[in-house]
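[1] Everything below, folded, please.
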Amino acid sequence: MTPRSASALELEGIRKRYGERDVLRGVDLDVRPHEVIALIGASGSGKSTLLKTIDLLEPIDDGRILLDGEDVSDPRVDADRVRARIGIVFQGYNLFPHQRVLDNIARSLRVVHHLPRAEARDRALAALDRVGLADFAGHYPDRLSGGQQQRVAIARAVAAGQSLLLLDEVTSALDPELVGEVLALIRELGRDGATILMATHEMAFAREVADRIAFLHDGQIHEIGTPDEVFGDPQRARTREFLSRVGR
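    Numbering: from 1, shown residues only. Next up is the predicted model:
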């Protein structure tokens, strides 16, 4: 039986090295159920790498990753089983261009979660309806705008009711006029009680949506607190320097 925990996700001393470069240098983080945490920091600070280690796409060199109290960084753990409990969305949409929108979502439910075809189709339709794209179920991805494709990718990530949603700069590849529709969807997911850990460069959005802000610098969390604390009264010099460059 999987151990239960008061935390949805716990990171303990996470370290990751590429060659001679230390990308993550002892990251500690506790994410509570139904909490939205925004990871902010300059490019190269380790945000994307951290999300990939949580989804077991990158092995860690030291530390522990606990999902609902289970040590999923144990090498004996079935990584595919863990990933089935986590929804992850990257900057790129990663949709199959030769499959219709509905099939992009239903296929994941059949292959990863082993749902019968009819149930997978019903869940996929429900997920598309949730993101406002039910009318586009029969379209191919190239017939959708970038914002719509990203919403499909998010629908695929939440279709199976995963306990944790990881978002990696999901608006970075979008034209400015399309960013709003994706941020509105994330805002709605947060209000509905999803547990979300998201890397973002959208400071105003992070301040509005996140319960806590974690500032990463040089592979470490230098400061964490509520949006008012981090944006309104940052305690660390590195945090103040970063926010002075990007605005609050």
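[2] Check the gap between the residue most central in space within the chain and His114 for me.
    Closest to where the C-alpha atoms of the chain average out (C-alpha atoms, centre = their mean) is Leu166, at 1.5 Å. Leu166 is 22 Å from His114, where distance means C-beta to C-beta, to the nearest Å. In short, each C-beta sits where N, CA and C put it, glycine included.
[3] what do you get for Leu167?
    25 Å.
[4] Show me which of the two is the more surrounded one.
    Ranked by neighbour count (other C-beta atoms under 10 Å), Leu167 and His114 place Leu167 first, with 27 against 9.
[5] how about the helix or strand containing that one as PDB, C-alpha atoms only?
    Assignment of secondary structure by DSSP states H and E places Leu167 within strand 164-168. Extracted C-alpha coordinates of strand 164-168, given in PDB (Å, rounded to 0.1, in the frame of the first residue of the first chain):
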ATOM      1  CA  LEU A 164      -0.100  16.500  -9.400                       C
ATOM      2  CA  LEU A 165       0.200  18.800 -12.400                       C
ATOM      3  CA  LEU A 166       3.600  20.100 -13.500                       C
ATOM      4  CA  LEU A 167       3.700  23.100 -15.900                       C
ATOM      5  CA  ASP A 168       7.000  24.100 -17.500                       C
END
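[6] Does anything pack onto that strand? Which helices or strands?
    helix 47-54, strand 86-89, helix 146-158, strand 196-199 (3 or more C-beta pairs under 8 Å, 6 or more residues apart in numbering; DSSP states H and E).
[7] how about JSON lines for the ones you listed, with mean pLDDT, mean neighbour count and distance to Pro227 added?
    Compiled in JSON lines, the helices and strands packed on strand 164-168 are given as follows (pLDDT from 0 to 100; neighbours: other C-beta atoms under 10 Å; distance: least, C-beta to C-beta, whole Å):
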{"stretch": "helix 47-54", "mean pLDDT": "96", "mean neighbour count": "23", "distance to Pro227": "17"}
{"stretch": "strand 86-89", "mean pLDDT": "92", "mean neighbour count": "23", "distance to Pro227": "22"}
{"stretch": "helix 146-158", "mean pLDDT": "92", "mean neighbour count": "23", "distance to Pro227": "22"}
{"stretch": "strand 196-199", "mean pLDDT": "96", "mean neighbour count": "25", "distance to Pro227": "13"}
